[in-house]
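>>> sequence and predicted structure below; questions after.
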Amino acid sequence: MPHMRDYLLIYINGQAHEISGEEAWLTLSQYLRQRLRLTGTKIVCEEGDCGSCSVLLADLLADHPVYTPVDSCICFLFQLDGHHVVTVEGLSHSPELSTVQQSMIDCHGSQCGFCTPGFVMAMTGVMERATCGSTRVAAPDWRTELSGNLCRCTGYQPILNACEQLKTADYVRLDERYPIAAMQASYAPLEADIVAIAYGKKKCFLPVTIAECLELKSLHPEARLVAGATDIGVQSNKRHSTPDVVIGLRRIVELQSIEVHPDHLQLGAGVTWSQMLPILETSLPSFAEVIKVFGSPQIRNIGTIGGNLANASPIADSLPLLHVMECELKLASVSGTRLLNINKFYKGYKQYDLNSDEIIASVKLPRLTTEDRLRLYKVSRRRDMDISTFTAAIRMRVQAGIIEQASIAFGAVGPIVLRLPKTEAYLKDKAFTKETMQAAGDVAVQEITPISDVRGSADYRYQLSKNVLMKFYYEESR
Amino acid sequence: MTYVGKTIPHDSARGHVTGKADYLDDLPRYENELLVGVVGSPVAAGTICSVDLEAAKKVPGVVAILTHEDIPGHKLFGPLFQDEPFLAIDQVLYIGQPVVLIAATDRNALRKAEALVKITVDAIKPILSIDDAIKASSFIGVERRSCKATRRKRLPHASIS
């Protein structure tokens, strides 16, 4: 039996902090601002949209920890055992400044200054990644990298100018300020501990292995599994509902494995979107394009594929693709594992076939064959950092102008992501023509039940469902 | 000409980029300092029927709960025309329009009390376009007219060079 520990060990700007009791449920931003009085981390939207609360996070359990920006307002302390957090106050010691800070001053990258610490942290994260050797970034795509930070008065141009001025050669890495090996060494004797914190009716468990996690889930079937908390964090801030019993998954390294096989990828449920992106860029580029507009870098750095599946939103950006690829979910419990096609997983709005003692362990994502044509669509009001109004995945195999097979999944047109079996059957063995796709649109609208909401009317979604089939046709016939 | 043609950094830029610039919410709290929150109208337009504060008053840590009735005399403000109530009197004109003000010793008490305030409003259909407003003769303030003036007529003594 591994050792149990009833406190969290988190490093902040190089200092170790032991956190126990109710404080484990504080968000990182609350802890920084209210307990440590590190008020450079700003709170604006409290829902992971604006990036003003960005801090850098390094996982000490990783072989080569890399600092990545995350939104501290939707990150709970109980997710951060064994992490090093760097805040804007930790970037430099007065009077010296980091090159990122100096560049923002030189280029007039701040006006009211409220979003500035968040931008500085996101930019520092990019520089950390650009200088970490194996994954050297020649010219960062700054517009994408900063899509998780909103500014409403300075204007983005001076900020982008500050970015363009940065040189990797002059950049002093955070490692020089905070030797990570020393923190890893001090955490090492504690890294195999199961953390168990109780406060009133609140309970928090942090297992290190999948086996421990399954054991805990069978003992506490009511426990909410928490990976990135990018949704639970928002629920907590906006609806004031935080689950009392939680099992944190971030310390389970086994859940973060990515296996590359000739015919499929096996993705651990705890793999973040950022970890997956480089692999998808070569193996499934169309999915990579959708992932790049999925949340923001801050969200993708902590949000996981398992979290997106279990959150079960009908507008989850990854789900249409996973449906048409016939992904297989590996569901595990103390009594064993079972495999389930994702198309059989969802039962109703936020309901799915997962027993209270089970967890989603991994996802088998088959590779595309060369005959497959696949296109993914996301319709939203903004390109970046927006919740989808409509999503679609269309996969077709066309031979000599005849559709051999069609797989279609639409999101945001029903209580769950919908496959369109009638439309798929209609398309089979038909000529891949404009007329066929037009007629398929008429079948498709019979299979969906969209509602009107703040993101679009039902009529709009009916129209999109037809149009997207035409769009697929035109794009594939170019 | 000390400054012309030179790039002068923003006075506060150093504070901004280091997180040292203090904003209101960053200042340490004074002893006995209270946190204030607002409970607003649940609807976009209507007449307030009742405001039930009983449950909210009982929350430990709540020090004061105020409505327009607690404001003596001058209840309206505005930059040009003083026509906006500090706290709604009988009509509400937008969702979230302040109706109740709560002061409490800590955030949790404030949140709890805010959730317990019950504002009942007899809702009416809000006017959301200029056309609808003209149809309903719903205008802001007293009627004013702008008219063209010719220089000679209106400004006979102005010297124009």
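That came through, no problem.
>>> contact partners for the closest residue to chain B within the stretch 151-300 of chain A?
Going by C-beta to the nearest C-beta, chain B is nearest to A:His240 of the stretch 151-300 of chain A, at 6.5 Å. (Each C-beta comes from the backbone N, C-alpha and C, glycine too.) By C-beta atoms under 8 Å, 6 or more residues apart in numbering or on different chains, A:His240 lies in contact with B:Arg111, B:Ala115.
>>> what about the residue of chain A found nearest chain B, which helix or strand?
Using C-beta to the nearest C-beta, A:Gly40 is the residue of chain A that sits closest to chain B, at 1.7 Å. Assigning secondary structure by DSSP states H and E places A:Gly40 outside every helix and strand.
>>> repeat for B:Ile140
Counting by DSSP H and E, B:Ile140 is part of no helix or strand.
>>> could you report the separation of it from chain A?
Going from B:Ile140 to chain A by C-beta to the nearest C-beta, to the nearest Å gives 27 Å.
>>> what's the local residue count around that residue?
Look at B:Ile140: counted by other C-beta atoms under 10 Å in any protein chain shown, it has 8 neighbours.
>>> what does the pLDDT read for it?
As predicted, B:Ile140 sits at a pLDDT of 80.
>>> residue contacts, it?
By C-beta under 8 Å, 6+ apart, the residues touching B:Ile140 are B:Asp83.
>>> number of residues surrounding the closest residue to the residue of chain A closest to chain B other than its chain neighbours?
Setting aside the residues directly before and after it, A:Gly40 is nearest to B:Gly19 in space (C-beta to C-beta, 6 or more residues apart in numbering or on different chains), at 1.7 Å. Neighbourhood size, B:Gly19 [other C-beta under 10 Å]: 25.
>>> I'd say B:Gly19 and A:Leu38 touch.
Yes - using C-beta atoms under 8 Å, B:Gly19 makes contact with A:Leu38 at a distance of 7.4 Å.
>>> give me the neighbour count for A:Ile291.
For A:Ile291, using other C-beta under 10 Å, the count is 22.
>>> so which other helices or strands are in contact with the one helix or strand it maps to?
Assessed by DSSP H and E, A:Ile291 sits inside helix A:285-292. Helix A:285-292 sits against helix A:273-283, helix A:319-324, strand A:372-379, with contacts defined as 3 or more C-beta pairs under 8 Å, 6 or more residues apart in numbering or on different chains; DSSP states H and E.
>>> pLDDT of it, averaged?
Regarding helix A:285-292, the rounded mean pLDDT is 92.
>>> picking up where we left off before, can you check the pLDDT for the residue nearest to A:Gly40?
96.
>>> from A:Pro297, how far off is it?
Distance of B:Gly19 to A:Pro297, computed by C-beta to C-beta, to the nearest Å: 20 Å.
>>> could you do B:Val59 as well?
Distance, B:Val59 to A:Pro297, by C-beta to C-beta: 40 Å.
>>> now do A:Tyr346
For A:Tyr346 relative to A:Pro297 (C-beta to C-beta), the value is 28 Å.
>>> and these two? Which one has more around it.
Neighbour count, other C-beta under 10 Å: between A:Tyr346 and A:Pro297, A:Pro297 has more, with 27 against 20.
>>> okay, and the residue lying closest to the more buried one once chain neighbours are set aside sits in which element?
Among residues not flanking A:Pro297 along the chain, A:Gly148 sits closest, at 5.0 Å (C-beta to C-beta, 6+ apart). Assessed by DSSP H and E, A:Gly148 sits outside every helix and strand.
>>> give the contact list for A:Gly148.
Counting by C-beta under 8 Å, 6+ apart, A:Gly148 touches A:Gly51, A:Ser54, A:Pro69, A:Asp71, A:Ala122, A:Gly295, A:Ser296, A:Pro297, A:Gln298, A:Ile299, A:Met385.
>>> narrow those to those in strands?
Among those, the residues falling in strands (DSSP state E) are A:Ser54, A:Pro69, A:Asp71.
>>> averaged pLDDT, the helix or strand where A:Gln101 lies. What do you get?
Using DSSP H and E, the element containing A:Gln101 is helix A:99-106. The predicted model gives helix A:99-106 an average pLDDT of 97.
>>> likewise stretch A:342-351?
Averaging pLDDT along stretch A:342-351 yields 96.
>>> if you count neighbours, what's buried in that stretch?
Within stretch A:342-351, the residues scored as buried using 16 or more other C-beta atoms under 10 Å in any protein chain shown are A:Ile342, A:Asn343, A:Phe345, A:Tyr346.
>>> secondary structure and distance to chain B for those residues - can I get that in CSV?
Shown next, in CSV, are those (DSSP: H, G, I helix; E, B strand; the rest coil; distance: C-beta to the nearest C-beta, whole Å):
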residue, secondary structure, distance to chain B
A:Ile342, helix, 38
A:Asn343, helix, 41
A:Phe345, coil, 35
A:Tyr346, strand, 33
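>>> next up, the contacts around the residue in chain B that chain A sits nearest to.
Closest to chain A within chain B is B:Gly19: 1.7 Å, counting by C-beta to the nearest C-beta. Contact analysis of B:Gly19 by C-beta under 8 Å, 6+ apart lists A:Leu38, A:Thr39, A:Gly40, A:Thr41, A:Thr87, A:Val88, A:Glu89, A:Pro117.
>>> before we move on, the earlier item: between B:Gly19 and A:Leu38, what contacts are shared?
Residues touching both B:Gly19 and A:Leu38 (C-beta under 8 Å, 6+ apart) are A:Thr87, A:Glu89.
>>> now the element after the biggest helix by length in chain B, going C-ward?
Counting residues, the longest helix found in chain B (DSSP state H) is helix B:107-116. Where DSSP H and E defines the elements, the next helix or strand beyond helix B:107-116 is strand B:118-123.
>>> other SSEs contacting that next one?
By 3+ C-beta pairs under 8 Å, 6+ apart, strand B:118-123 packs against strand B:46-52.
>>> and the strand it packs on with helix B:107-116, angle?
If you take axes from the mean of the first three to the mean of the last three C-alpha atoms, to 10 degrees, strand B:46-52 sits at 120 degrees to helix B:107-116.
>>> need the pLDDT of the closest residue to A:Val208 other than its chain neighbours.
The shortest distance from A:Val208 to any non-neighbouring residue, by C-beta to C-beta, 6+ apart, is to A:Arg251 (5.2 Å). The model reports A:Arg251 with a pLDDT of 96.
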